[in-house]
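Asks: Have a look at this fold, sequence not included:
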Ligand SMILES: Nc1nc2c([nH]c(=O)n2[C@H]2C[C@H](O)[C@@H](COP(=O)(O)OP(=O)(O)OP(=O)(O)O)O2)c(=O)[nH]1
């Protein structure tokens, strides 16, 4: 088959997640989460991650006794030294192993990388990345998740940070992730269908 003269491409399938700490969603579904025995992200946990990663929390200020709503935030992970794209930020996830579905791979990666447990029903497809790197072509389905069990930490030593919509574009993202930003911001600002 004609491959366009490129000599063939090595396709790498990776899954990623837009993990959202969404205070409005958490309030709206706290009962449902409790019924399922699955914890929605707690503010204290998110604050702990932010503190550990040196990230400033978004504005939680009080004026005349009225509290200002906390912003929705997305979890970004920094690629460690010694790996490709070291120092750049990405969405948590990783490669799909042979015999795995993308969702199985993502659930496994999130347990290994962040120490959290995610239910298949809480993974909503958002968009995908399709990007040519020098040695492979990356195809990455990107999911949204607003509910998980545990507090996300950089379980493999990687830095993690919670970013507000305004902060997302201040992070140096991997080249494949830059075109994903509008869809991620849309999910943060306007929500996505699903649980
Ligand atoms: N998980 C994840 N990977 C991404 C993103 N953007 C992006 O270019 N990638 C690339 C980086 C890696 O080459 C590959 C992910 O594979 P991996 O998470 O198993 O990475 P790895 O460091 O173990 O692999 P490698 O770079 O050593 O080959 O996809 C993203 O947002 N999330």
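Replies: Yes, it's here. Keep in mind the model is a prediction, meaning the values are calculated, not measured.
Asks: okay, CA-based contacts and neighbour counts for the rest of this
Replies: OK.
Asks: For the ligand, see how far away the residue nearest to residue 93 when sequence neighbours are not counted is.
Replies: With sequence-adjacent residues excluded and distances taken as Cα to Cα, 6 or more residues apart in numbering, residue 93 is closest to residue 16, at 4.3 Å. Counting by Cα to the nearest ligand atom, to the nearest Å, the separation of residue 16 from the ligand is 5 Å.
Asks: can you tell me the helix or strand for residue 16?
Replies: Element membership for residue 16 (DSSP states H and E) is strand 11-21.
Asks: Next, the buried residues of that strand.
Replies: In terms of neighbour count (16 or more other Cα atoms under 10 Å), strand 11-21 has its buried residues at 12-21.
Asks: In terms of secondary structure, what does it contact?
Replies: strand 73-78, strand 93-95, helix 102-114, strand 137-145 (3 or more Cα pairs under 8 Å, 6 or more residues apart in numbering; DSSP states H and E).
Asks: Could you check how far residue 116 is from the ligand?
Replies: Applying Cα to the nearest ligand atom to residue 116 and the ligand gives a distance of 15 Å.
Asks: give the contact list for that residue.
Replies: Residue 116 is in contact with 110, 148-152, counting by Cα atoms under 8 Å, 6 or more residues apart in numbering.
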